[in-house]
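> sharing a model that was predicted from the sequence below.
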Amino acid sequence: MKTVFITGASRGIGRACALRFAREGYAVGINCISSTDKASELREEIRSSGGECEVFPFDVSDGEEAERGEAHDYPGILAGEPEELL
């Protein structure tokens, strides 16, 4: 399965992209800093329509935090490298 990792996906254009990629059959990784409640709602919306989705709550602009986020043993979809990064 193809995967995509989308930063800022909890609202706006990022949310629309996440929904579109999910409809196209991608497993979707949603990244956000503070809107984890909206990201969780989007994850459930994607999952309820049969898609795969996980939320990754860390700041990609902070090098140390991003390294910790990448090193964290997140379950599921991002076991390898995503095909798309937004």
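Here it is on my side, so go on. Note that the structure is predicted; figures quoted are calculated from it, not measured.
> give me the low-pLDDT residue ranges for the chain?
Confidence mapping of the chain against pLDDT under 70 gives the ranges 66-86.
> which residues of it fall in helices?
In order along the chain, the chain carries the following helices (DSSP state H): 12-23, 36-48, 63-71.
> got the angle between the first one and helix 36-48?
Interaxial angle of helix 12-23 relative to helix 36-48 (axes from the mean of the first three to the mean of the last three Cα atoms, to 10 degrees): 20 degrees.
> can you list contacts of helix 12-23?
Helix 12-23 has contacts (Cβ atoms under 8 Å, 6 or more residues apart in numbering) with 4, 6-9, 28, 30, 38, 42, 45-46, 49, 51-53, 84, 86. For every residue, glycine as well, the C-beta is placed using N, CA and C.
> kindly write the ChimeraX command that selects the buried subset of those.
Buried members of the contacts of helix 12-23, defined by 16 or more other Cβ atoms under 10 Å, are picked up in ChimeraX with:
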select :4,6,7,8,9,28,30,38,42,46,51,52,53
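> ok, Arg20 to Glu65 distance?
Going from Arg20 to Glu65 by Cβ to Cβ, to the nearest Å gives 28 Å.
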